[in-house]
Every structure is written in C-alpha cells, then in structure tokens.
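# sequence first, then the predicted structure, then my questions.
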Amino acid sequence: MKKTQTPWRSLVNILLPVLLLALAIGFSYFVVQFPQDKVVERFVSYKKIMQLSRQHIYMVLVSSGLAIATSVPLGIFITRPKYKRIAPKVIDIVNIGQTIPSLAVVALFVGFLGIGARTAIFALWIYSLLPILNNTLAGILEVDPSIIESAKGMGMTPSRILARVELPLALPIIIAGIRTAITINIGSAILAAFIGAGGLGDFIIAGNNVNRWQILVLGASLPAFMAILADHLFTLLEKRISNYYTF
Amino acid sequence: MIRFENVTKKYGSKDKPAVDNLDLHIEEGEICILVGPSGCGKTTTMKMINRLIKQTSGKIFIGGKDIDAIDPIKLRLGIGYVIQGIGLFPHMTIEDNIATVPLEKGWDKQRISKRVDELLELVELAPDEYRKKRPSNLSGGQKQRVGVARALAADPPVMLMDEPFGALDPITRSRLQNEFLHIQEKLKKTIVFVTHDIDEAIKMGDKIAVMRDGNIVQFGTPYEILSNPADEFVSDLIGGNSTLKMMHLITCEKAMRVPFVVSQEEEIENILQSAQDRRIKILAVTDSSQRLVGFAEYKNLVNHHGKIGSIMKKVTNTVDVRMTLQDALSEMFSFGSKFVFVADHQRKVKGILNIDDLLKAVSEDEKNTDAMA
C-alpha cells in the first residue's frame, strides 16, 4: 500500500471529528434551549444528556474491553500449531453466530441474568466477541507461512515468533475487528434501555412514549455520531499501523 | 562437518519414504549442493539438519555431535537459514531483520548495531542508506542480499540455503551468485544449498549430490558429475551440452590473455609498430590512473594520426577475474561484441577474452580431466 494521503485527506481526518462533536453539542443545545413544549423540557436537560451518554459509553467500553481481553487470547490460542487445523471451522461458526440479531441476544440473557446494566454489558460482550475473534484468527492465519518458517528456522521460540512476528503482522486486521465490534456495540447499546440499563436508548423510548420528535431524534443521533466518530478514529489507527509496516 | 547416517524420513502412512536411507558427508568449509527435480527429497534432507523436520530413523551429526541431543532452538541459532521467497519480516526495518538472531542470542545493542553495519557492507548495501528501510522498499536482489546478511548475522559455522536465488531474474541471479562465492571465499562456511537448477549447482558447488526419489544418485565434484555422469538420469539432468556447462567451472582469470594496454594520451605512431609485431587486434585504452576507458582496433590505427584517445571507442562492460567463462560469454552476447575485457573492481585491465579463448579453455580443461580419469 502506497501512501496516498493528500493535504485534503488529512484535513478531512481532522475536520470530521470536530464536525461530529459540533453537531452533537449543537443539537443538544437546540433541544434544551428551544424545547417543543413543557413535556420535552421536563425530559431533557444537559444533566440528563450527560448522564445517559456516560452510561452508554461506559457499557460500550466495558463490554468491548472484555471482548478484546477474551477474543484476542482465544484467537491466539486457536491459531497455535496444535489447534490450527480447527481454526477455519471456528471462523465458520463465528460467522453464523454473527447473524443472530442483537435484540435477540439482549432479550435472551434477561431470562438468565434479570434486568440491569450487568445484563446489558454481558449481552454486548457476547455480541462483540465474534468480530474480534474472527479478525484475530484471520489476521494470524494470513501471515505468510514462509515468514513464520524462516523465523522458526533461525531459532526463534514459538512465543517469540508470536510476539515479534505473528501479532505485529496481524495487528491491523485485529484493530479492524475491534473497530467493527465497537461500532456495532454503540448501536446495540441503545437496546440496553429496554432492560432498564439506561443509556441513550432511554431517550428513544421516552420520545416514543410521549410522542415528541426532539427527544426521539436526540436519542437516535447521539449514538450515531459516536459510532461514526469511533469508526473514523479506528480507521485512522489501522491505516497508521499498516502504513508504518509498508514504509 | 555434517554427516547423515542411514537417515530415512517417512511422511504419515505413505509407503514410499521422502528420504530413503541416506548417507552423506559434507566437509567443513564446503558448499554442498542438493540438486534434483521437485519431490526428490532435497528440501526434506536440508530441513532435517536444523530439525525443522524430524527424521523417522537414522542419525545426523554436526561437528561430531548428534543433533537430536541438542536443544532445537540452540541448534537453529547456530545455523544460518536462507529460504526462497526470502522470508524477511515485512514489518521490521532491514536493521531489525538482520539483528534477529543476535537479538535472540541476547547480544547488547552496540554489538548488534556494529554487526549490522559490517554485514550490510559485506553484501554491498550502504548501511546508512539501507539500515532504516523496510523490505517492501527493496528490489528482489537487494532483499536476497539482506536474507544472506541475516543468515550470517551471528557468524554461524553452518548455513542452509533453500533455493536462495530462485526468484531472481537471470542477470541479478548470476551477479548474486558471484558475490556469494566471493563472500564464501573469505568466510569458509559449511553450506548446504538446495536447488533444482543444475547450472546453479555446477557453478556454486564444491560438491554436488544429485537426488532422485529420496536417494542420492551421484555425489561428487561438479567436474566428476559433468564428465562422468553415473547414469542416464544424471546425464539427462545435466542436459546435452556439458562442454558449455564446463564454462561455469573455469574463472576468467584462468583463460584470459594479457592485453595490449596503452594510455589514451599515447601517439598512434609510437605504438603502431609494436602492435603490428605482436599481431594485436584490440588495444585496451586507459586513462592517466590506468583505469580502463575504452578500446581501439588495430585496423583503425593504420590510417590515423594523433592520440589514441581520438579514435578510441568507449567500453562499459567488463567481467571480473573471479567470474566464470559463462559470465564472460553472456556478457559478450548481451553487448554483441566478440571480446570482453577482464578488469578488477577499480577497472584496472587484467586481461582480454574472446570466443576462441573460451573454447580453447574448455577443451583444454576436458583433456586435463580425461587425463586424470
């Protein structure tokens, strides 16, 4: 991959996050300062927006962090020579798992764990395991076997090969998996509101119940801005790493 | 140095072994080529030496020690390894690539950095320019040089090379082969070299083991293999023209004639007579510091006056004294000339070769070998 970054491109890279932040703050300001009526005024305040956003981000970060901490080691484990043969089958199963709708996953776990943030985090964790595991497997399996063989032939131990060769080469793909997981999680965390775990989904439910578009749109747009922002930042990180490797 | 005793390797439940009861003794400081068609067991044989493949039965010794008694990691750290497709780490700089084995061995930073510079100079890549580059910025030939440097990093006595020059274009390959032979002259490593290219085997090998179906069909020096192939398989592998292939074995130094050298400042009149007496057709023309700059033909001297420099034609291509006659021949062909000058790296003329010289050298060589046999 050759560097195709023009000044125009890097300007977009900086402007996009600024624009997203401005939109989020601007729309929040608009709803709080110019509410449709008393009902909206009662539901929406800066404090409420901050509180629900914090809850939302907290659920996403904890569940994604747990997912990284489980999926990456699991992916490494499955790609060790002993188990490498089953890795493609694991990828198949993982892909089937990802077709289950997130709402179904959330609803399923209420049965076991009851309602609340813990259940929401658990469901989000399960749901984001798959993309990260998938990409960890793919990233490590894609490393050219001749590179690993030459490392082995030169006398590197398996753990050194993992740390110095396999993981660095798989890193951009693993990061891409984390990006997918976090982006999906930001959207899925809206569903947490249905099981009493809070988050920006609360606005959507409330807006729907009292039939006020301002509240509804606020609940829908803030997570959307977050998701685009997260996606953007991780894409930059990915590009940075792969550029670093090819330069 | 490396000894195989009744070594057999069977893969899985196949009846036919990949390597069948092999005995082989590779002397210290020699390049031993394993050559044969694909599936003949040459790569398997090589990989058993650093225990990338475990033999089914038999013993392998390096320097008298049974390799099964050595920890595989320690064993491999003491053996240089170069593979086809190079296997350089794409995410590391050239410096870090070369430092791989020293780093595994726990050398300190200063020692590693000094060694990297030494090696880059050895393979003729300027350290300041290349140390921080990445493999993707290098040409195939440059990558292969780095591959060799990396294998030499911790100065291992033994090197394994699996078709190291296989993926290169013919010109680059020939150049790297020559450079590698030059390096080997100084370092005297014990080298096991796998190739399917018989020309490469003849050129690079001190000994050649021709392999087929897991067996060694013939083991001997390139001369022995060329002049006395053991069976039809070996002579087929050598192909029709063994005389031409002999050219791989003779260096330009042995076949060249002393050229007639004149300075470009010389007056034509002054040398005409001596050139005529010695029946010189081609004169090598040098500058004031005796570097080759061009040549002049005798027939053009006759009708001209003034300095030699005025009728001189430029020379761009020369061959090195260490290059083989094969190189000289292809140099002549690619530049469409009937002769080529032999020069050292400072472009001082050492000799001249034409087609007749090549043919004479090869036929004399054959006579000698026949006399020996």
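That came through, no problem.
# quick check: closest non-adjacent residue to residue 66.
I'll assume chain A. Leaving out its chain neighbours, the residue that sits closest to A:Leu66 by Cβ to Cβ, 6 or more residues apart in numbering or on different chains is A:Trp125, at 4.7 Å. The way it works is simple: take the backbone N, C-alpha and C, and place the C-beta from them, glycine included.
# my question was about chain B, not that one.
Nearest non-adjacent residue to B:Asp66 (Cβ to Cβ, 6+ apart): B:Lys59, at 5.8 Å.
# quick check: mean pLDDT across whichever strand or helix holds that neighbour?
In this structure, B:Lys59 sits in strand B:57-62 according to DSSP states H and E. Mean pLDDT, computed over strand B:57-62, is 93.
# pairing partners for the helix or strand just after that strand, with directions?
Scanning the chain past strand B:57-62 towards its C-terminal end, the next helix or strand to appear is strand B:65-66 (assignment: DSSP H and E). Each strand paired with strand B:65-66, and its direction, by DSSP bridges: strand B:57-62 (antiparallel).
# give me the buried positions along the strand it pairs with.
Of the residues in strand B:57-62, those buried by neighbour count under the rule 16 or more other Cβ atoms under 10 Å in any protein chain shown are B:Gly58, B:Ile60, B:Phe61, B:Ile62.
# ok, and what's touching it?
Strand B:57-62 is touched from outside by B:1-8, B:21-22, B:48-49, B:66-68, B:75, B:79, B:158, with contacts defined as Cβ atoms under 8 Å, 6 or more residues apart in numbering or on different chains.
# rerun that using 10 Å as the cut-off
Surrounding strand B:57-62, the residues in contact under the criterion Cβ atoms under 10 Å, 6 or more residues apart in numbering or on different chains are B:1-10, B:17, B:19, B:21-26, B:45, B:48-51, B:66-70, B:75, B:78-79, B:157-158, B:190.
# so which of those residues are in strands?
Under the assignment DSSP state E, the contacts of strand B:57-62 contribute B:2-9, B:19, B:21-26, B:66, B:79, B:158, B:190 to strands.
# and the residue of the stretch 1-150 of chain B nearest chain A?
Distance from chain A to each residue of the stretch 1-150 of chain B (Cβ to the nearest Cβ) is smallest for B:Gly87, at 2.8 Å.
# starting at the chain centroid, how far to stretch A:147-163?
Between the centre of stretch A:147-163 and the centre of its host chain there is 32 Å, according to Cα atoms, centre = their mean, to the nearest Å.
# that should have said stretch A:42-52, apologies.
Between the mean C-alpha point of stretch A:42-52 and the mean C-alpha point of its chain there is a distance of 24 Å (Cα atoms, centre = their mean).
# mind checking pLDDT for the most centrally placed residue in chain A?
In chain A, the residue lying closest to the centroid (Cα atoms, centre = their mean) is A:Ile182, at 0.4 Å. Note for A:Ile182: predicted pLDDT of 95.
# so what's it up against?
A:Ile182 is in contact with A:60-61, A:63-65, A:67-68, A:128, A:131-132, A:226-227, A:230-231, A:233-234, counting by Cβ under 10 Å, 6+ apart.
# how would you label it: helix, strand or coil?
helix (DSSP: H, G, I helix; E, B strand; the rest coil).
# also B:Lys14?
What three-state DSSP gives for B:Lys14 is coil.
# what's the burial count for residue 210?
You didn't say which chain, so I picked chain A. Applying the criterion other Cβ atoms under 10 Å in any protein chain shown, we find 14 residues in the vicinity of A:Val210.
# nope, chain B please
B:Val210: 26 surrounding residues under other Cβ under 10 Å.
# that one reaches B:Glu232, doesn't it?
No. In this structure, B:Val210 is not within contact of B:Glu232 by Cβ atoms under 10 Å, at 12.0 Å.
# so where's the chain shaky on pLDDT?
Because you didn't say which chain, this covers chain A. Segments of chain A classed as low confidence (criterion: pLDDT under 70) are A:1-6, A:244-247.
# wait, chain B
B:85-86, B:240, B:242, B:365-373.
# next up, identify which helix or strand the spatially most central residue of it is on.
Here the mean C-alpha position of chain B is nearest to the C-alpha of B:Gln177 (Cα atoms, centre = their mean), at a distance of 2.9 Å. Here B:Gln177 is covered by helix B:170-187, with elements defined by DSSP H and E.
# what is that helix packed up against?
Secondary-structure packing of helix B:170-187 (3 or more Cβ pairs under 10 Å, 6 or more residues apart in numbering or on different chains; DSSP states H and E): strand B:31-35, helix B:109-122, helix B:140-152, strand B:158-162, strand B:190-195, helix B:198-204, strand B:318-320, helix B:325-335.
# now those as CSV including distance to A:Thr157?
Rendered in CSV, the data for the helices and strands packed on helix B:170-187 read as follows (distance: least, Cβ to Cβ, whole Å):
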stretch, distance to A:Thr157
strand B:31-35, 28
helix B:109-122, 19
helix B:140-152, 18
strand B:158-162, 19
strand B:190-195, 24
helix B:198-204, 32
strand B:318-320, 42
helix B:325-335, 43
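# same list, the ones you listed, but as a markdown table with distance to chain A and mean neighbour count please.
Below are the helices and strands packed on helix B:170-187 laid out as a markdown table (distance: least, Cβ to the nearest Cβ, whole Å; neighbours: other Cβ atoms under 10 Å in any protein chain shown):
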| stretch | distance to chain A | mean neighbour count |
| --- | --- | --- |
| strand B:31-35 | 16 | 26 |
| helix B:109-122 | 14 | 16 |
| helix B:140-152 | 8 | 23 |
| strand B:158-162 | 7 | 23 |
| strand B:190-195 | 12 | 24 |
| helix B:198-204 | 20 | 24 |
| strand B:318-320 | 31 | 22 |
| helix B:325-335 | 30 | 18 |
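# B:Val210 falls within a helix, correct?
No. B:Val210 sits outside any helix when classified using three-state DSSP, being strand.
# tell me which residues form a beta bridge with it?
B:Val35, B:Gln218.
# repeat that for B:Ile2.
With beta bridges defined as DSSP bridges, B:Ile2 has these partners: B:Ile26, B:Ile62.
# domains in chain B, by residue range?
Listed by automatic domain parsing, the domain ranges of chain B are B:2-246, B:252-362.
# to A:Pro88, which of those domains lies closest?
Closest to A:Pro88 of those is domain B:2-246 (Cβ to Cβ; 20.6 Å).
# quick one: end-to-end length of that closest one, please.
End-to-end distance of domain B:2-246 (Cα to Cα, to the nearest Å): 28 Å.
# can you give me the neighbour number for residue 20?
Just going to use chain A. By other Cβ under 10 Å, 17 other residues sit near A:Leu20.
# looking at chain B here, not the other one
16.
# close enough to count as contact, B:Glu104 and A:Ala163?
No. When contacts are counted by Cβ under 10 Å, B:Glu104 is not listed as touching A:Ala163 (11.8 Å).
# the more surrounded of those two?
B:Glu104 (20 against 12).
# tell me who's in contact with the more buried one.
Taking Cβ under 10 Å, 6+ apart as the definition, contacts of B:Glu104 comprise A:Ala151, A:Met154, A:Gly155, A:Met156, A:Thr157, A:Arg160, A:Arg164, B:Ile73, B:Arg76, B:Leu77, B:Ala153, B:Ala154.
# burial count for the fifth one?
Here the neighbour count serves as a burial measure; for A:Thr157 (other Cβ under 10 Å) it reads 14.
# backbone dihedrals for B:Pro259, please?
phi -80, psi 170 (degrees, to the nearest 10).
# next one: A:Leu66 from chain B, what distance?
28 Å (Cβ to the nearest Cβ, to the nearest Å).
# which SSE is that residue in?
Take DSSP H and E as the rule and A:Leu66 turns out to sit in helix A:46-78.
# how about the contacts made by the residue nearest to B:Ile216 when sequence neighbours are not counted?
Spatial nearest neighbour of B:Ile216, excluding adjacent residues (Cβ to Cβ, 6+ apart): B:Ala209 at 5.0 Å. Contacts here follow Cβ under 10 Å, 6+ apart; on that basis B:Ala209 touches B:4, B:22, B:24, B:26, B:32-36, B:42, B:45, B:192, B:201, B:215-220, B:225.
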